[in-house]
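Enquirer: Sequence and predicted structure are below.
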Amino acid sequence: MADRMAGKLVAIVLVCCVVATKASKPAVNAQQQQQPNILYVMADDLNADWKSDRLAYMSALNTKMVQQGAYYRNHVAAVPVCGPSRSSMLLGRYPHNTGYFMNGDLDSVDNYLAEHNHTVGKWLRDAGYYTGFLGKYVNGCENHVPHGWSHWGGFVQTYNFYNASMFDMEWDPNNPSFEPPVKVNVMTGIHQADFLGNHTLELVDRAGNQSKPFFISVTPVMPHWGTCIGPGNQDYAPTDPHWEWDLVDPTTGRHYSMPTSPCPTVRHAQKFAGHTNPHISGKWNTSVKGIIPKFMSHAFEHPGALTAFQAQREDIGFRNRSAALLDLDHMLDVILTGLEQRGLLDTTYIFFTSDNGYHLGEAKMPFGKGEPYETDIRLPMVVRGPGVPKNVNVTLPTTHLDITATIVELAGAAEHAPSSLDGKSFAKQLTMQPPPEPAAWRTHSYSEFFANDNTWAMVRVTNATHTFSLHRWCSGDNETEVFDLLSDPWQKANRFGTGDAFSAAAVSQYLPLVAALHECKGSNCSAIPQTVVLRDGAAAVAPLACKQIISKPRVGSFSLEVRADGTVGGVHGWQVDFALPGRPRGTDPSTVRLLVDGEPHRAAVPDQVANIPRPDIMKTFPFPNDRHGFAFDLPAGFLPAKGKHGIRVIEVLDGGKNIASLSANSPAKCICDLKPCDC
């Protein structure tokens, strides 16, 4: 659908306080008894508890979820980065089937928006549910409102913990095809942890008042990086994570970009003072033994080790991430307590997980996600609900796509969902006691990633004798990794190429499966395709037919320069150029063009070359790219003196031969009578 934010009046409500929802107990009708309530909570950048540093202080997660439900120890991300993971969960398909490959990538956004009116929210609403969405949406799609939900509360401005803005749109249950007015609430001065819980309970009550079961997806940003205030607010405190984008080592003068910290609540901000990021011996700041894929070597082996300054910043990020988990636990506790007060806790299926994992210094990776390692792909996943055994560990190798399929089966919504879901439901296995072994369900999970040279596919296998991961990279010939997770849970040594029997058998038997899953659709993503014959012994294996996705350069952000009299006199900002095959780092950047009301005025304001390269600041990123600055000086009399006008900046690629069509999606600034104003 067209962008609902463009060309329409948007109601902005400044919210200064949140009143706790009363613990009313709406009647539960027969339909609700047949169709269970379902709550899905997805954290952001929360890896599995592999350092054993979390459940000890996340008391609600521990006592009300883990001890009252099933912990899925082998749960992984289908794709370990925000946007592709979220879009895949909502659509129930892998990125190679959704077309959403990279965060904010223009083609990815267009591919997802073509389908975002037909997600799990709509399937369950069509099956009789009240469906609600609250929190972080798919990257690059935040300004778009999907149809199909009973309530849409997606974040518009996502990474601002104390003044996030979010849609507040409620569809009339008697006329769901009629679009409600666009309304956005700005949660001024209220932390996400302190309003998302109560908002969730408000939707629970609305479902009860409509005598419907509910499916509510709650997606807080904790513990992802984010500022305390913003965006565009220039009054950042010295400790605000805003400044982590451009840090300077005082001993060397070198610039680093290490956005690792969320903004915790004031009450929790100092709870981990003095704590440091755990350094696993032989893993933190240490190269993997054996063959290292070319991308990993390029991205993280130069200059060869993390500096003392980077380690210090990791400690700060670890403390803030830990404090943010107390905030996340508080939000979870509000929801669970509210459900208990309403008599709904034991009759609701509750799924808790994260979109992807996170590394913080392991294998010399300073911070982030996006790689095929346990730090990035392995996630917490806990389920409690009717008939689910309490305090049990489940070893089934699940992904988010399996959660989507399970939710569809639990809700009885299969006839409303596509038949080509890539996941496999474990609804029947939820209540089995003891929990089933993988051999009785599926012995592998599959994950993939597409980002220029950082493109790979992998299987993680769990059977009666082994747990191992097999990675196939697309950045070079024979770039394969095999890790025996029973003897080497920290993945310190790549067994591929060592000549041992285990590695040879794993490659011979499962690399054909990786190749098949790289192009799978529907049920073939869970069953071993008939074309793949798993066999013992070594065999020649054809290279993986990689689908390498090339991203476009993009404008990162820009700001208006204001003269002393308050009028706009210029525009400045920065642009990201990706290093692509045939276009290595250091290549001349693209030019950028200024648009006023969608029209270029090149005679008065020529295109600008983004000519301030910052390759040093970007070396800690998982993707090789450069940041370039640009600036337009606006001559006197250039801007219209009266009225409201929009200003955008777009990239001009290939010497002007190919103009990036970003005017509809790139961020805009507005002026009213020559002065900055809200768009």
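Expert: Arrived safely, thanks for sending.
Enquirer: For the protein, which residues score under the pLDDT cut-off?
Expert: The model of the chain has pLDDT under 70 over residues 1-33, 52-53, 231-234, 302-303, 475-478, 529-554, 556-557, 576-589, 610-627, 652-667.
Enquirer: Try it again at 50.
Expert: 1-32, 530, 533-541, 581-582, 615-624, 654-665 (pLDDT under 50).
Enquirer: how about the helices in the stretch 1-150 of the chain?
Expert: 30-34, 59-60, 82-91, 95-98, 106-113, 120-126 (DSSP state H, counting those that start in this stretch).
Enquirer: number of nearby residues for Gly637?
Expert: Close neighbours of Gly637, defined as other Cβ atoms under 10 Å, add up to 8. (Each C-beta comes from the backbone N, C-alpha and C, glycine too.)
Enquirer: quick one, phi/psi of it?
Expert: In terms of degrees, to the nearest 10, the main-chain angles of Gly637 are phi 80, psi 0.
Enquirer: roughly how far apart are it and His601?
Expert: Taking Cβ to Cβ, to the nearest Å as the measure, Gly637 falls 12 Å from His601.
Enquirer: need the helices of the stretch 1-150 of the chain in TSV with mean neighbour count, can you?
Expert: Listed next are those as TSV, based on neighbours: other Cβ atoms under 10 Å:
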stretch	mean neighbour count
helix 30-34	12
helix 59-60	17
helix 82-91	27
helix 95-98	22
helix 106-113	20
helix 120-126	24
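Enquirer: Can I get those helices in a markdown table including distance to His275?
Expert: Output for the helices of the stretch 1-150 of the chain, formatted as a markdown table (distance: least, Cβ to Cβ, whole Å):
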| stretch | distance to His275 |
| --- | --- |
| helix 30-34 | 44 |
| helix 59-60 | 18 |
| helix 82-91 | 26 |
| helix 95-98 | 36 |
| helix 106-113 | 37 |
| helix 120-126 | 38 |
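Enquirer: Among the ones you listed, which comes closest to Ser445?
Expert: Among these, helix 82-91 comes nearest to Ser445, with 13.2 Å by Cβ to Cβ.
Enquirer: Off-centre distance for the closest one?
Expert: Here helix 82-91 is found 7 Å from its chain centre; the criterion is Cα atoms, centre = their mean, to the nearest Å.
Enquirer: do stretch 274-292 as well
Expert: 24 Å.
Enquirer: With stretch 198-208 instead?
Expert: Distance of stretch 198-208 from the chain centroid (Cα atoms, centre = their mean) equals 25 Å.
Enquirer: next one: stretch 443-458
Expert: 16 Å.
Enquirer: and what of stretch 454-466?
Expert: The chain centroid and the centroid of stretch 454-466 are separated by 22 Å under Cα atoms, centre = their mean.
Enquirer: Select, out of the helices of the stretch 1-150 of the chain, the one closest to Glu479.
Expert: Nearest to Glu479, of those and by Cβ to Cβ, is helix 95-98 at 19.1 Å.
Enquirer: Name the residues that touch the closest one?
Expert: For helix 95-98, contacts defined as Cβ atoms under 8 Å, 6 or more residues apart in numbering pick out 78-79, 84, 87-88, 91, 101, 111-112, 115, 420, 422, 448, 450, 518-519, 521, 547.
Enquirer: And the helices in the stretch 501-650 of the chain, which stretches?
Expert: 501-517.
Enquirer: Relative to Cys679, which of the helices of the stretch 1-150 of the chain is closest?
Expert: Going by Cβ to Cβ, the one of those nearest Cys679 is helix 106-113, 19.1 Å.
Enquirer: wouldn't Ala237 be in contact with Thr227 here?
Expert: No. With contact defined as Cβ atoms under 8 Å, Ala237 does not count as touching Thr227 (9.7 Å).
Enquirer: who's more crowded, the two?
Expert: Using other Cβ under 10 Å as the criterion, Ala237 and Thr227 rank with Thr227 on top: 25 against 12.
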